[in-house]
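**Q** Test case, fold it:
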Amino acid sequence: MRYANTFLTSAFTLCVAGGFAVAQANDSVADKRVLTIEGAKKVIAGAVAEAKKKNAPGGVIAVVDDGGNLMALERLDGTFAAGANISIGKARTAAQFKKPTKVFEDIVNKGRTTMVALNDFTPLQGGVPITWEGKIVGAVGVSGAASAQQDEELAIAGANALESMEMSEAPMNHSLPVTYIESRTVKAAFTKGSVLVGEEENMMHAARNYMVHASHRDKAGIAEIHELDTDIVYVLEGTAILVTGGTAVEPKPIAPHEIRGKYIEGGETRKLVPGDVVIIPNTVPHWFKEVSSPFNYYVVKVQ
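**A** Got it, this is the predicted structure:
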């Protein structure tokens, strides 16, 4: 019996040690989402559809994986020859730096010209990361459309096409992780106003079609028009005079699908108080004409 016990003890020790070794090995690697060729084709199809919708004069759409390696490319008729290399450069830069290339173009334009000395770096607007479930799986770059802004609009449409198609094909039991934000963080966010969920270079949170803002105002604002986003406003503290509808005076685009103006002529005026909820559909001008400080409110932006 003593020998049997010794054998069993030794076997148990080996099993535990073996399991520990497997656990250690599992800690050394992780599952990774990758962009497939079919996914790359969906991105290109989304960008091409947007180009046709906007009557773009041309465009080259390049899709790369998360390492910046080219996966797919399509050149629309009439696009200049150099567009291919430029679009690949934009996509590669967006993938490797995990940011839209407009970020780097703005940095260079503000004076940090030394950035252009980086190897394999294209700081030109029109490159956008492709995300899935919070992870960057690649990027899309566009060159040769009507303008740099339109390049970026086509790229965003391509990236969003993958997300919308994949979400529509996902199993019904697929869900995102629960987001919890403790009260201290929320309170701090309201002191100056900031994004609670969804801040990724002013783009929608990966795999979500919404953002949550902890908004704060001390004074009146300017007219705003969101071409894609519907704003759901819930007032927590203070009062404000909100004007919706009407016509924005001297409207100017400040970013893709975002327009600002000095104020609004006409429209409907409401006084907002704590507890009020206002839903402002996309494309509707709105303006906080008067504000009592502090004015704190949640905004859920749904695309």
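**Q** burial count for the residue nearest to Val299 when sequence neighbours are not counted?
**A** In space, not counting the residues next to it along the chain, Val299 is nearest to His213; the distance is 4.1 Å by CB to CB, 6 or more residues apart in numbering. C-beta here means a position set from N, CA and C on the backbone, and glycine is covered the same way. His213 is flanked by 20 other residues according to other CB atoms under 10 Å.
**Q** show me what contacts His213?
**A** Contacts here follow CB atoms under 8 Å, 6 or more residues apart in numbering; on that basis His213 touches 193-196, 298-301.
**Q** what about the stretch 151-300 of the chain, any weak spots by pLDDT?
**A** 164-176, 199-208 (pLDDT under 70).
**Q** Thr79 touches Gly59, doesn't it?
**A** Yes. In this structure, Thr79 is within contact of Gly59 by CB atoms under 8 Å, at 5.8 Å.
**Q** out of the two, which sits in the more crowded spot?
**A** Neighbours per residue (other CB under 10 Å) separate Thr79 from Gly59, with Gly59 holding more: 28 against 20.
**Q** quick one: pLDDT of the more buried one?
**A** In the predicted model, Gly59 carries a pLDDT score of 94.
**Q** same deal with Ala40?
**A** Reading off the per-residue confidence, Ala40 sits at a pLDDT of 92.
**Q** residue ranges of the helices in the chain, please?
**A** Taking DSSP state H as the test, the helices found in the chain are 2-27, 37-53, 83-97, 101-109, 148-169, 183-192.
**Q** Burial check on Gly238, number of neighbours?
**A** Under the neighbour criterion other CB under 10 Å, Gly238 is assigned a count of 18.
**Q** And for Asn85?
**A** Counted with other CB under 10 Å, the neighbours of Asn85 add up to 13.
**Q** Can you check what pLDDT the model gives Arg75?
**A** The predicted local distance difference test score for Arg75 is 94.
**Q** residues contacting it?
**A** The neighbours of Arg75, taking CB under 8 Å, 6+ apart as the test, are 59-60, 83-84, 144.
**Q** His286 now?
**A** Here His286 is in contact with 223-225, 231, 242-244, 264, 280 (criterion: CB under 8 Å, 6+ apart).
**Q** now with 10 Å?
**A** Contacts for His286 (CB atoms under 10 Å, 6 or more residues apart in numbering) come out as 221, 223-226, 231, 233, 242-246, 248, 264, 267-268, 278, 280.
**Q** right, and Ala56 touches Ser143 too?
**A** No. Under the criterion of CB atoms under 10 Å, Ala56 is not in contact with Ser143, lying 11.3 Å apart.
**Q** what's the overlap in contacts for those two?
**A** Counting by CB under 10 Å, 6+ apart, the residues touching both Ala56 and Ser143 are 79, 151, 154.
**Q** Now tabulate those residues in TSV and tack on distance to Ala255.
**A** Formatted as TSV, the entries for these read as follows, by distance: CB to CB, whole Å:
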residue	distance to Ala255
Thr79	25
Asp151	14
Leu154	15
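**Q** hmm, which of the contacts of Arg75 are the buried ones?
**A** Neighbour counting with 16 or more other CB atoms under 10 Å marks 59-60, 83-84, 144 as buried within the contacts of Arg75.
**Q** All good on my end, thank you.
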